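[1] dropping a prediction and its sequence here:
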Amino acid sequence: MFNAQTLELLISSFPKILVYGLKVSLPLALTAFVLSTFIAVLVATVQYAEVPVFRQICRFYIWIIRGTPLLVQLMVAFYGLPLFGINANPFLVAIIVFSICEGAYSAETMRAAMEAVPAGQLEAGYCVGMSYIQIMWHIILPQAFRTAFPSLFNALISMVKDTSLASSITVVEMFTRTKQIAGQSYNYFPLYIEVAAIYLIFCTVLTFVQKRGEKRLGNYGIRK
Amino acid sequence: MTLLEISNLKKSFDNNEVLKGIDLKVNKGDVVSILGPSGSGKTTLLRCINFLEKPDGGHLSFEGKEYDLSKISKSDISSIRKDTGFVFQGYNLFANKNVLENVTLGLTSARHVPKKQADEKALEVLKKVGMDGYKDYYPSQLSGGQQQRVAIARALATDPGIIYFDEPTSALDPELTSEVLEVMRELASEGMTMIVVTHEMGFAKEVSSHVVFMADGRVIEEGNSKEFFDDPKEERTREFLRLTEH
Ligand SMILES: Nc1ncnc2c1ncn2[C@@H]1O[C@H](COP(=O)(O)OP(=O)(O)OP(=O)(O)O)[C@@H](O)[C@H]1O
Ligand SMILES: [Mg+2]
């Protein structure tokens, strides 16, 4: 099985697969990660601040998203949007669905992290004359973000691998591209090993970035 | 000159009436110690007059302005808070900010004081509490006594008309207690108006001008501190003082 021909196939396909990872899979995951983090902060803050009505809306959103598979959400959006006259390109649909889906999970992570900041600091903020928004911005959110950072990054790493689900709505990403090449050559196994290795490289790099990020964010003098 | 006057302040938690109509008058420059057994409502009283707890009813006069406590507006709360300081039993320093930022934040964010000016003010008050050498430290890197002194500096930075202290030393070891009490003694001698909930009889006796004794949500006895300790009128007070004597 591992003959010269296979080796040649692996070498020639490597850049072809990698380019789809760099041009499609990673951008999809990274963009969705940034957007989902915004959603998460917003949704978590609404719940933390117990904003009436909006809080119920946020719970509903989290309930729906966490209770349905990402694959189904992709399908619903892909076939549902045209019914409303929206013909977005599949890559954009994937970004939106991934952001909304990840946002629900990250919102829960953020909310827990915000609740972990001792309430006394909120009171102390009031006592020096700060407003709720100022306390959020300067005290609660920075600490919550630091606490949530490893979990959020963990979710990003998961998402990099989940991007292969976007193939279900015709997005040609790294995995789909691999399948195509494998189909042409009738040599499946080595190519799937190859794409697995590329995912592994991506995730290893991200893990390294996470460690660096944690160091950079510091821990306010708390020694581990 | 009367700085703060509370009358008939009431507060219940569910059906538990914790403050049953408190009257209290504080003149400018007074140092008022509030004494009383655990659960008598001392903390709740301080929290109510700074609106960390919502009072059920009563009247407040502060710096010449009158407020109905049962329906006080957000903007009144905010303006009262901007002229008061609060020192907590548990310090409550901002964990993500260093010492200097802890002290300046009330100035830069809440009062829009330029950073340079805020830093100067912060260093001045940190020096007063003997913590100017620790401006880059984070709260987690300080002892309890040091954290509490920074908390006092944070309260001082905004030049409040009055500072409330809720048992500022009761989380501290005896040797750390004295460094905090020393700072408070100095503030008192400079004419700072303070209300101090405390179990430190020495402080109440020597530093405060006025003592209020609370039990079961009521003020049982009050008076100038010499009279209070030398000649308590109420049996309840005498019993309390006997129990706290060592
Ligand atoms: N948030 C709250 N919810 C319900 N009950 C409360 C709350 N805060 C205080 N209480 C009750 O109010 C009463 C007075 O409490 P408070 O903390 O004011 O007493 P204290 O005089 O400060 O006591 P200590 O000397 O132990 O600090 C207590 O019975 C307490 O259980
Ligand atoms: Mg108390």
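    Thanks, I have it. Ligands and ions are numbered 1, 2, ... in the order given.
[2] give me the contact list for the helix or strand containing residue A:77.
    Taking DSSP states H and E as the criterion, residue A:77 maps to helix A:70-80. Helix A:70-80 is contacted by residues A:65, A:90, A:93-94, A:96-98, A:100-101, A:162, A:165-166, A:168-170 when judged by C-beta atoms under 8 Å, 6 or more residues apart in numbering or on different chains. Any C-beta I mention is one placed from the backbone N, CA and C, and that applies to glycine too.
[3] pick the one among these closest to ligand 1.
    Checking these against ligand 1 with C-beta to the nearest ligand atom, the nearest one is residue A:65 at 34.9 Å.
[4] residues in contact with the helix or strand containing residue A:16?
    Residue A:16 belongs to helix A:4-20 when assigned by DSSP H and E. Contact with helix A:4-20 is made by A:172-174, A:176-178, A:181, A:185, A:187, A:190-191, A:194-195, A:198, as judged by C-beta under 8 Å, 6+ apart.
[5] 7 Å instead?
    The contact list for helix A:4-20 (C-beta atoms under 7 Å, 6 or more residues apart in numbering or on different chains) reads A:172-174, A:177-178, A:181, A:185, A:187, A:190-191, A:194-195, A:198.
[6] point out where the chain drops to low pLDDT.
    Since you didn't name a chain, this refers to chain A. Scanning chain A with the threshold set as pLDDT under 70 gives A:1-2, A:223-224.
[7] oops, I was thinking of chain B
    Within chain B, the ranges that satisfy pLDDT under 70 run B:246.
[8] can you classify residue A:214 as helix, strand or coil?
    helix (DSSP: H, G, I helix; E, B strand; the rest coil).
[9] contacting residues around it?
    By C-beta under 7 Å, 6+ apart, the contact list for residue A:214 reads A:149-150.
[10] what's the burial count for residue A:218?
    Using other C-beta atoms under 10 Å in any protein chain shown, residue A:218 is surrounded by 11 other residues.
[11] now do residue B:137
    Using other C-beta under 10 Å: residue B:137 sits among 18 other residues.
[12] that one belongs to a strand?
    No: going by three-state DSSP, the assignment for residue B:137 is coil, not a strand.
[13] would you mind confirming that residue B:135 is in contact with residue B:102?
    No: taking contacts as C-beta atoms under 7 Å, residue B:135 lies outside contact range of residue B:102: 9.6 Å.
[14] settle it for me: which of these two has more neighbours?
    Neighbours per residue (other C-beta under 10 Å) separate residue B:135 from residue B:102, with residue B:102 holding more: 29 against 18.
[15] against residue B:96, how distant is that one?
    Distance from residue B:102 to residue B:96, counting by C-beta to C-beta, to the nearest Å: 10 Å.
[16] which residues does the spatially most central residue of chain B contact?
    Central residue of chain B (C-alpha atoms, centre = their mean): residue B:164, 1.5 Å from the mean position. The contact partners of residue B:164, by C-beta under 7 Å, 6+ apart, come to B:46, B:50, B:84, B:86, B:195.
[17] from the rest of the structure, what touches stretch A:173-190?
    Here stretch A:173-190 makes contact (C-beta under 7 Å, 6+ apart) with A:6, A:9-10, A:13, A:16-17, A:20-21, A:24-25, A:28, A:163-164, A:166-167, A:191-192, A:195, A:198.
[18] go with 6 Å
    A:6, A:9-10, A:13, A:17, A:20-21, A:24-25, A:163-164, A:166-167, A:191, A:195 (C-beta atoms under 6 Å, 6 or more residues apart in numbering or on different chains).
[19] what residues does chain B have near ligand 1?
    Within reach of ligand 1 by C-beta under 6 Å from any ligand atom, chain B has these residues: B:13, B:18, B:36, B:38-44.
[20] can you do 5 Å?
    With C-beta under 5 Å from any ligand atom as the criterion, chain B meets ligand 1 at residues B:13, B:18, B:38-44.
[21] from chain B, how far off is residue A:104?
    Look at residue A:104 and chain B: by C-beta to the nearest C-beta, to the nearest Å, they are 26 Å apart.
[22] how about the secondary structure of the residue nearest to the centre of chain B?
    Under three-state DSSP, residue B:164 falls in the strand class.
[23] for it, which residues make a bridge with it?
    For residue B:164, the beta-bridge partners under DSSP bridges are residue B:86, residue B:195.
[24] quick one: name the residues of chain A near chain B.
    A:120-121, A:123-124, A:127-130, A:134, A:138-139, A:142-143, A:220-222 (C-beta under 6 Å from any C-beta of the partner chain).
[25] so which of those residues comes closest to ligand 1?
    residue A:123 (12.0 Å).
[26] got the CA positions of whichever strand or helix holds that closest one in CSV?
    Assigned by DSSP H and E, residue A:123 falls within helix A:119-127. Coordinates of each C-alpha in helix A:119-127 appear next as CSV, following Å, rounded to 0.1, in the frame of the first residue of the first chain:
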residue,chain,number,x,y,z
ALA,A,119,-19.9,40.5,44.1
GLY,A,120,-18.0,42.6,46.6
GLN,A,121,-16.0,44.1,43.7
LEU,A,122,-19.2,45.3,42.0
GLU,A,123,-20.2,46.9,45.3
ALA,A,124,-16.8,48.5,45.7
GLY,A,125,-17.2,49.9,42.2
TYR,A,126,-20.5,51.5,43.1
CYS,A,127,-19.0,52.9,46.3
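[27] and the helix or strand just after it, how far out from the chain's middle?
    Per DSSP H and E, the first helix or strand lying C-terminal to helix A:119-127 is helix A:132-135. How far helix A:132-135 lies from its chain's middle: 28 Å, per C-alpha atoms, centre = their mean, to the nearest Å.
[28] cool, thanks, signing off.
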